[in-house]
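Enquirer: attaching a predicted model along with its sequence, questions to come.
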Amino acid sequence: MSNKENTISIVGAGVSGIMCALTLANFHLGSKKVIKVFEHKKRVGGRAHAIKVQEQFIDLGAGRFSPQLHKNINELVAHFNIEHESFPFTQLTRPQELHSELKGILNKLKPLCEEHKNESFFDFLTSYLDEEQSKDIINALGYDSLSLPFITPNIAYDIIEKHPEIQGFSDNAGYTWRNLKAGFCTLPQILYARAVELGVEFHFDYELITIDTHTKKPALTLKNSDDEIIRITQGDMIVTLPPTAMSRLNCNFPQDWTHYTYGSIPLFKGFLFYDTPWWQELSLTDHVIITN
């Protein structure tokens, strides 16, 4: 399999990778360049995957979206008229006494976050509550990550306010959440079919094993289950992988990839904005690497 200068190679066939390919194909780059998408699994969707159990679809990964927080997803769901319904876990009934007090405690402590912005959320709680009650609060919220030492109070409140299962303990209880009736994987499957119609090539069972940015031109090395190696050194390269996959590539991710931080930890999701659509003027010598 050859990858020449007129090729755009995209690694990852999740929602980000397929949307990237679809965007480029819609700008008629398909007539000038070959657009190839390489995917480790034998299906599209990445972390969006569902199984059917007794006529019900159960999401095993991404399974919900909020029209207020995920406007792009909401627009795509509406555009393709995908069947959806209310996410069932936003109004959970919690009979424990601590749960009835929790919103009041969190609201009372929130204005004090800046005074403890470099501390852990647990240390922040124990500054005002006893250790046992602090542990009970984190257990009641149900997110073990809130007890990690690098989760600051500001990050913790962001987690609490943007997760449907516990948003009721914050002022964001009004956020609506939806899930797709046939599983969230319905969306990438529809996008995949449209990309194929526009001439995008999909190559499954190819895993990215190295990213080499120390050579004169960036290079990507992929391998399939038959140990066939593909080394991409020409054309344009776009990587749309989750942080867990990037961390296995021995490329010092995210430290060497961003100077931005989310509280006390490196920002592992890149948000790139352009004044003009760069892909319209894409040259044969450009090399682009974007992480999701």
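Expert: Received, thanks.

Enquirer: so, low pLDDT: which residues of the protein?
Expert: By pLDDT under 70, the weakly predicted segments of the chain are 1-4, 28-31, 90-96, 173, 254, 257-292.

Enquirer: now the strands for it?
Expert: Using DSSP state E, the strands of the chain run over 7-11, 34-39, 50-53, 56-59, 84-86, 178-180, 201-204, 206-212, 219-224, 229-232, 236-239, 261-262, 265-266.

Enquirer: any chance of CSV for those strands, columns mean neighbour count and distance to Q68?
Expert: Placement of C-beta: from N, CA and C, glycine included. Below are the strands of the chain laid out as CSV (neighbours: other CB atoms under 10 Å; distance: least, CB to CB, whole Å):
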stretch, mean neighbour count, distance to Q68
strand 7-11, 23, 29
strand 34-39, 23, 30
strand 50-53, 12, 24
strand 56-59, 14, 20
strand 84-86, 13, 14
strand 178-180, 21, 11
strand 201-204, 16, 33
strand 206-212, 17, 34
strand 219-224, 18, 37
strand 229-232, 16, 39
strand 236-239, 24, 29
strand 261-262, 13, 20
strand 265-266, 14, 25
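
Enquirer: tabulate those (JSON lines), appending distance to Y192.
Expert: Shown next, in JSON lines, are the strands of the chain (distance: least, CB to CB, whole Å):
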{"stretch": "strand 7-11", "distance to Y192": "12"}
{"stretch": "strand 34-39", "distance to Y192": "9"}
{"stretch": "strand 50-53", "distance to Y192": "15"}
{"stretch": "strand 56-59", "distance to Y192": "18"}
{"stretch": "strand 84-86", "distance to Y192": "19"}
{"stretch": "strand 178-180", "distance to Y192": "15"}
{"stretch": "strand 201-204", "distance to Y192": "7"}
{"stretch": "strand 206-212", "distance to Y192": "16"}
{"stretch": "strand 219-224", "distance to Y192": "19"}
{"stretch": "strand 229-232", "distance to Y192": "21"}
{"stretch": "strand 236-239", "distance to Y192": "16"}
{"stretch": "strand 261-262", "distance to Y192": "31"}
{"stretch": "strand 265-266", "distance to Y192": "31"}
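
Enquirer: the chain: helices as residue ranges?
Expert: Here the chain has its helices, by DSSP state H, at 15-26, 71-79, 97-109, 121-126, 131-141, 153-161, 186-197, 243-247.

Enquirer: quick one: the ones you listed as TSV, columns for mean neighbour count and distance to Y206 too.
Expert: Listed next are those as TSV, based on neighbours: other CB under 10 Å; distance: least, CB to CB, whole Å:
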stretch	mean neighbour count	distance to Y206
helix 15-26	22	12
helix 71-79	14	26
helix 97-109	14	46
helix 121-126	21	40
helix 131-141	16	40
helix 153-161	20	34
helix 186-197	19	16
helix 243-247	15	13
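
Enquirer: mind checking which of the ones you listed is nearest L220?
Expert: Taking CB to CB, helix 243-247 is the member of those nearest to L220, at 12.6 Å.

Enquirer: dump the residue contacts of Y192.
Expert: Counting by CB atoms under 8 Å, 6 or more residues apart in numbering, Y192 touches A13, I18, V44, F202.

Enquirer: now for the residues you listed: which two are most distant?
Expert: The most widely separated members of these, counting by CB to CB, are I18 and F202 (8.8 Å).

Enquirer: who touches both of the two?
Expert: The contact sets of I18 and F202 overlap at V37, V44, Y192, A195 (CB under 8 Å, 6+ apart).

Enquirer: for those, which one is nearest T126?
Expert: Minimum distance to T126 across the shared contacts of I18 and F202 is 45.7 Å, recorded for V44 (CB to CB).

Enquirer: was I right about that closest one contacting L187?
Expert: No - taking contacts as CB atoms under 8 Å, V44 lies outside contact range of L187: 10.1 Å.

Enquirer: what's around the residue lying closest to E165 once chain neighbours are set aside, how many residues?
Expert: Closest residue in space to E165, ignoring its immediate chain neighbours: F89 at 5.1 Å, by CB to CB, 6 or more residues apart in numbering. F89 sits with 13 neighbouring residues when counted by other CB atoms under 10 Å.
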